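K.L.:
Show me the folded form of this:
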Amino acid sequence: MTGKAATQELEALDVGGTGAGTEWPWAPGGPDGSAVPQRVYVTGIFLALASILMFFTALTSAYLVRQGISTDWVPIELPAILWANTAVLLGSSATIERARRLLAQGRPEGFRRWWGLTTALGLLFLAGQFVAWTELRAAGVYVATNPSSSFFYVLTGAHGLHLLGGVAALLYLARRDESREHRAGLQTAAAAASVYWHFLGVIWVCVFLLLNLRG
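P.N.:
Residues are numbered from 1 along each chain as shown. Just a heads-up that it's a prediction; the model follows:
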């Protein structure tokens, strides 16, 4: 998911959809007590997550098959900063959940603070990934060095692009109207962004374990 696609989906969520849909438990009713429509959310975020899951599943399968049949597979030494990057991303899942709960409690100032912290952690993770790639290049390990390094760059790069889209969505929601009449739509969009963010955290943990156990 690119940054543009992520923000377009969340913009649609913010203004709300029409018609009935499966109600998401994180999205309370509007100011008049009516339920927030979830049709756009259901058809958007879950389809997006399904496509991302299929993409990384295919990459993982290719990784394992190539590693198993390869005669030129040379495991690379993973940069130590990847451990710190993992801790940062897992920490951002906690901060985005805190932000979402504060918004649901009608505390916009706290929401804005923790949402901003989540965005900063996401950018810090991306910066850390760039440092990891820089360290590998300095050590003479490039995309075409061997199959192991190729998959490392592809897996981490693909995840980084999806996370960049998530950061764009966080930045978009940070400037949305938090007034009472718009808060229900913002809560729905924040819930969507939270699910996407948690999902990318799980994807990264799986990628990181794969690179460590099968590198």
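K.L.:
Quick one: list the elements packing against the longest helix seen in the chain.
P.N.:
In the chain, assigned by DSSP state H, the helix with the most residues is helix 180-214. Applying 3 or more CB pairs under 8 Å, 6 or more residues apart in numbering; DSSP states H and E, we find helix 180-214 packed against helix 3-15, helix 39-69, helix 81-104, helix 108-138, helix 147-174. Using the backbone N, CA and C atoms, a C-beta is placed for each residue, glycine as well.
K.L.:
just so I know, which of those helices lies nearest Gln187?
P.N.:
The minimum distance between Gln187 and the helices and strands packed on helix 180-214 falls on helix 81-104, with 5.7 Å, by CB to CB.
K.L.:
Look at Pro79 and tell me its secondary structure.
P.N.:
Put simply, Pro79 is coil when judged by DSSP: H, G, I helix; E, B strand; the rest coil.
K.L.:
what's the burial count for it?
P.N.:
21 (other CB atoms under 10 Å).
K.L.:
list the contacts for it?
P.N.:
By CB atoms under 8 Å, 6 or more residues apart in numbering, Pro79 lies in contact with Val131, Ala132, Glu135, Leu136.
K.L.:
Phi, psi for it please.
P.N.:
phi -60, psi 140 (degrees, to the nearest 10).
K.L.:
distance of it from Thr134?
P.N.:
Per CB to CB, to the nearest Å, Pro79 is found 9 Å from Thr134.
K.L.:
buried stuff in stretch 109-116?
P.N.:
Within stretch 109-116, the residues scored as buried using 16 or more other CB atoms under 10 Å are Phe111, Arg112, Trp114, Trp115.
K.L.:
Show me which pair in these is furthest apart.
P.N.:
With CB to CB as the measure, no two of the buried residues of stretch 109-116 lie farther apart than Arg112 and Trp114, at 7.7 Å.
K.L.:
Give me the phi and psi angles of the residue of the chain most remote from its centre.
P.N.:
Relative to the C-alpha centroid of the chain, counting by CA atoms, centre = their mean, Thr71 is the outermost residue, at 34.6 Å. Dihedral pair for Thr71: phi -110, psi -10, per degrees, to the nearest 10.
K.L.:
What pLDDT is listed against it?
P.N.:
Predicted confidence (pLDDT) for Thr71: 85.
K.L.:
now swap in Val36 and tell me
P.N.:
What the model reports for Val36 is a pLDDT of 45.
K.L.:
any weak-confidence spans in this protein?
P.N.:
In the predicted model of the chain, residues 1-42, 177-183, 214-215 satisfy pLDDT under 70.
K.L.:
repeat that with 50
P.N.:
Filtered on pLDDT under 50, the chain yields the residue ranges 1-2, 12-36, 181, 215.
K.L.:
list the buried ones in the longest helix of the chain?
P.N.:
Those would be 182-197, 199-201, 203-204, 207-208, 210-211, for helix 180-214 by 16+ other CB under 10 Å.
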